[in-house]
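In: sequence and predicted structure are below.
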Amino acid sequence: MAEEELPGVLILDIGGTHGVLENIAALLKKHFCLVTMKEFLENKKEMSKKIQSVFVFECRPTIDRELLESLPNLKVIGNSGVGVDHLDLKMISNFGVKVTNTPNAVADPTADIGMALMLASARRLVEGNVLIFLGS
């Protein structure tokens, strides 16, 4: 499938402080034509027709009424995170747009860290590490 045939996905940016991570962008590029917010704002008229999805990474880009009104072919907003509290689901659904998220994506790593912290606390590993370091 040629890139011009791929559906467009709006993202804030690639890399940098608030952009989509490089490895996630590479995965998205396999299935979508990536459009950054800067590219979108520079050429709204042409880009708005291409965009069928918005990928929200770390609560960005902000999904508001103005953005939704400027994306006539928008079908889905994909949120890369557990919660959707930052999204106005009622307003989004009024535009006929679906919202997805990844509720179980961080469940195992969170449990792993929780177990590690409990074991470290029970065995006083942090205190022992400090004593060993100071004794060296």
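Out: On my side now, so go ahead. In this text, all values refer to a predicted model and were calculated from it rather than measured experimentally.
In: neighbours around Phe95, how many?
Out: 15 (other C-beta atoms under 10 Å). Just so you know, the C-beta spots here come from the backbone N, C-alpha and C atoms, and that holds for glycine as well.
In: contacting residues for it?
Out: Contact analysis of Phe95 by C-beta atoms under 8 Å, 6 or more residues apart in numbering lists Leu68, Glu69, Leu74.
In: mind checking pLDDT for the second one?
Out: As summarised for this prediction, Glu69 has a pLDDT of 98.
In: in contact with it, which residues?
Out: Contacts of Glu69 (C-beta under 8 Å, 6+ apart): Phe95.
In: and if you look at the last one?
Out: Contacts here follow C-beta under 8 Å, 6+ apart; on that basis Leu74 touches Ile51, Gln52, Ser53, Val54, Leu68, Phe95, Val97.
In: how about the helices in the protein?
Out: With helices called from DSSP state H, the chain shows them at 22-29, 37-42, 44-50, 65-69, 89-94, 107-122, 125-135.
In: any chance of those in a markdown table, plus distance to Leu12?
Out: Formatted as a markdown table, these follow (distance: least, C-beta to C-beta, whole Å):
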| stretch | distance to Leu12 |
| --- | --- |
| helix 22-29 | 11 |
| helix 37-42 | 5 |
| helix 44-50 | 14 |
| helix 65-69 | 12 |
| helix 89-94 | 17 |
| helix 107-122 | 24 |
| helix 125-135 | 37 |
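In: point out where the chain drops to low pLDDT.
Out: Along the chain, segments meeting pLDDT under 70 span 1-4, 136.
In: next, count neighbours for Gly114.
Out: By other C-beta under 10 Å, the residues close to Gly114 number 10.
In: same question but for Asn79, I mixed them up
Out: Neighbour number of Asn79 under other C-beta under 10 Å is 20.
In: so it sits right up against Lys98, yeah?
Out: No - in this structure Asn79 lies outside contact range of Lys98 using C-beta atoms under 8 Å: 11.0 Å.
In: can you count the residues close to the residue nearest to Lys50 when sequence neighbours are not counted?
Out: Counting by C-beta to C-beta, 6 or more residues apart in numbering, Lys50 lies nearest to Gly8, which is 3.7 Å off, once chain neighbours are set aside. Residues lying near Gly8 (other C-beta under 10 Å) number 21.
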